[in-house]
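**Student:** Quick one: sequence plus predicted model below, questions after.
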Amino acid sequence: AFHPYLDSLRQELQQRDPTLLSVVVALVAVLLTLVFWKFIRSRRSSQRAV
């Protein structure tokens, strides 16, 4: 699903430090949550305007 670069980077992280990988995954999850939250708020505000 990811690009080859990200896939190879993920493999390197797994070989080096699993803890670092978990931190990266946590950061990605937080970013996705923020984007999803902004998307929900923008939809609500647009519906309120209409």
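**Tutor:** That came through fine. Numbering: from 1, shown residues only.
**Student:** Could you pull out the buried residues of the host helix or strand of L32?
**Tutor:** Per DSSP states H and E: L32 is located in helix 18-49. By neighbour count on 16 or more other Cβ atoms under 10 Å, the buried set for helix 18-49 is L21. Glycine gets a C-beta too; all of them are placed from N, C-alpha and C.
**Student:** which strands and helices sit next to that helix?
**Tutor:** helix 4-16 (3 or more Cβ pairs under 8 Å, 6 or more residues apart in numbering; DSSP states H and E).
**Student:** Can you pull out the low-pLDDT segments for this protein?
**Tutor:** 1-2, 48-50 (pLDDT under 70).
**Student:** So which residue is smack in the middle of it?
**Tutor:** By Cα atoms, centre = their mean, the mean C-alpha position of the chain lies nearest to V28, the distance being 3.1 Å.
**Student:** Could you check how far that one is from Q47?
**Tutor:** 29 Å (Cβ to Cβ, to the nearest Å).
**Student:** just D7 next, same as before
**Tutor:** From D7 to Q47 the distance is 39 Å (Cβ to Cβ).
**Student:** burial count for the residue lying closest to L20 once chain neighbours are set aside?
**Tutor:** Excluding the flanking residues, the one nearest L20 by Cβ to Cβ, 6 or more residues apart in numbering is L13, at 5.8 Å. Close neighbours of L13, defined as other Cβ atoms under 10 Å, add up to 17.
**Student:** In contact with L13, which residues?
**Tutor:** L13 is in contact with L20, L21, V24, counting by Cβ atoms under 8 Å, 6 or more residues apart in numbering.
**Student:** Please repeat the previous calculation with a cut-off of 10 Å.
**Tutor:** Going by Cβ atoms under 10 Å, 6 or more residues apart in numbering, L13 touches T19, L20, L21, S22, V23, V24, V25.
**Student:** Take those and lay them out in a markdown table including distance to F39.
**Tutor:** Below are the contacts of L13 laid out as a markdown table (distance: Cβ to Cβ, whole Å):
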| residue | distance to F39 |
| --- | --- |
| T19 | 31 |
| L20 | 29 |
| L21 | 27 |
| S22 | 26 |
| V23 | 25 |
| V24 | 23 |
| V25 | 21 |
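**Student:** ok, back up a step: between the helix holding L32 and helix 4-16, how big is the angle?
**Tutor:** Interaxial angle, helix 18-49 versus helix 4-16 (axes from the mean of the first three to the mean of the last three Cα atoms, to 10 degrees): 140 degrees.
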